[in-house]
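>>> Attaching a predicted model along with its sequence, questions to come.
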Amino acid sequence: MAFHLQFSEAPSGEEVSRSYQILRCDAEQKYKLAGFILSPRIYGVDVHYVGRSVPCMQHTGDCAWCKLGRPTRWVGYAPCADHNRQKLFIMEFTPGVMPSLVEYQKQFGSLRGAMVHLSRRHPRPNARLDINVLAAGAVLAPGDLPPMFDIEAALAKIFGLDAEGKDPTQPKIAKEPDAAAAKIADRITASLLGKKAASDAADGYKDLLETDYFDPSE
Ligand SMILES: [Zn+2]
C-alpha cells in the first residue's frame, strides 16, 4: 500500500504567531550580548522575582505579589536583531545601563538602529553590567534593519498573560482573607464547646492559611 502524507495549505495559527526569546547578558551568553535595537524606545516593566520574573499587575489596581510584600524591580526590554540581522530576540536591560540609552534617544530621537553591546566586568551574574552604544549610521542604514516585531504581544506570551492582559498565575488572595477570617471566626465560636473541638479549629485555621496562599516555588 502506498504511503500517504497529510498535506495542509498553511501552518496552524500557533506556528504563525512566532515566539521570541528574552536574552540577558548572563552565563548563557558568556557575559557578552550585542544587537541592533529595532524599536524607537525601550519597553520597561516592573517585575516581581518569584523564582521567575512575573509582571507586577499594580496598574490593574490588583497585584497579589504586591499584597504579599514582594519587592518589584524595573527591567527594560527592546526588540533586537543580532549582528547578522538574522536572529530576532528581546534584549533585557537593567536600570544601570539606561542613562546611555536615554542619552542616545535624546540625541537621535529614536533608538532604532542603535548597535548595543552589553558586557559584564567579571564572568559573574551579579558583576557590573557595562553598555556600549554605537550610532546606527556608523554601522548600517536604518533601512537595512528588519522591521520591529510586536514586542508587547511577545512579552505577553512570555509572561503567559491571558487575553485580558492578566496574569493567571497570580496567587488568589484578593478577596479570600476576609472570607477566610469569617469562616475561622465561625469555627472558633463553634469550637468553644470543647477543648478537642478548639484544637481541631486551630488546625483548620492553619490549613486555611496554607491553602489560601500560593506557593511561589510551584
Ligand atoms: Zn506587583
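Okay, I see it. Numbers count the residues shown, from 1 in each chain.
>>> and residue 36, what pLDDT?
At residue 36, the pLDDT value in this model is 94.
>>> Just confirm it contacts residue 113, I think it does.
Yes. Shown here, residue 36 and residue 113 form a contact pair, counting by CB atoms under 8 Å, at 6.3 Å. For every residue, glycine as well, the C-beta is placed using N, CA and C.
>>> For this structure, which residues are neighbours of the ion?
Within the chain, the positions adjacent to the ion are 56, 58, 63, 65, 66 by CB under 5 Å from the ion.
>>> Now the residue nearest to the third one when sequence neighbours are not counted: phi and psi?
Okay, so that is residue 63. Of all residues not flanking residue 63 in the chain, residue 57 sits nearest, at 4.0 Å (CB to CB, 6 or more residues apart in numbering). Main-chain dihedrals, residue 57, degrees, to the nearest 10: phi -100, psi 20.
>>> from the residues of the chain next to the ion, which would you call buried?
When the residues of the chain next to the ion are checked for burial by 16 or more other CB atoms under 10 Å, the buried set is 56, 63, 65.
>>> so residue 47 bridges to which residues?
Beta bridges link residue 47 to residue 55, residue 73, judged by DSSP bridges.
>>> ok, back up a step: can you tell me which two in the residues of the chain next to the ion are farthest apart?
58 and 65 (9.0 Å; CB to CB).
>>> Check the spacing between the closest residue in space to residue 82 that isn't next to it in sequence and residue 62 real quick.
Ranked by CB to CB, 6+ apart and with sequence neighbours excluded, the top spatial neighbour of residue 82 is residue 35, at 5.6 Å. Distance, residue 35 to residue 62, using CB to CB, to the nearest Å: 35 Å.
>>> What are the neighbouring residues in contact with the residue nearest to residue 63?
Residue 57 is in contact with 63, 64, 65, 66, 166, 167, 170, counting by CB atoms under 8 Å, 6 or more residues apart in numbering.
>>> Looking at residue 35 and residue 62, which has the bigger crowd around it?
Shown here are residue 35 and residue 62; by other CB atoms under 10 Å, residue 35 has more neighbours (23 against 13).
>>> Next one: the more buried one from residue 165, what distance?
In terms of CB to CB, residue 35 sits 27 Å off from residue 165.
>>> next one: residue 117
Distance, residue 117 to residue 165, by CB to CB: 33 Å.
>>> now do residue 82
Distance, residue 82 to residue 165, by CB to CB: 29 Å.
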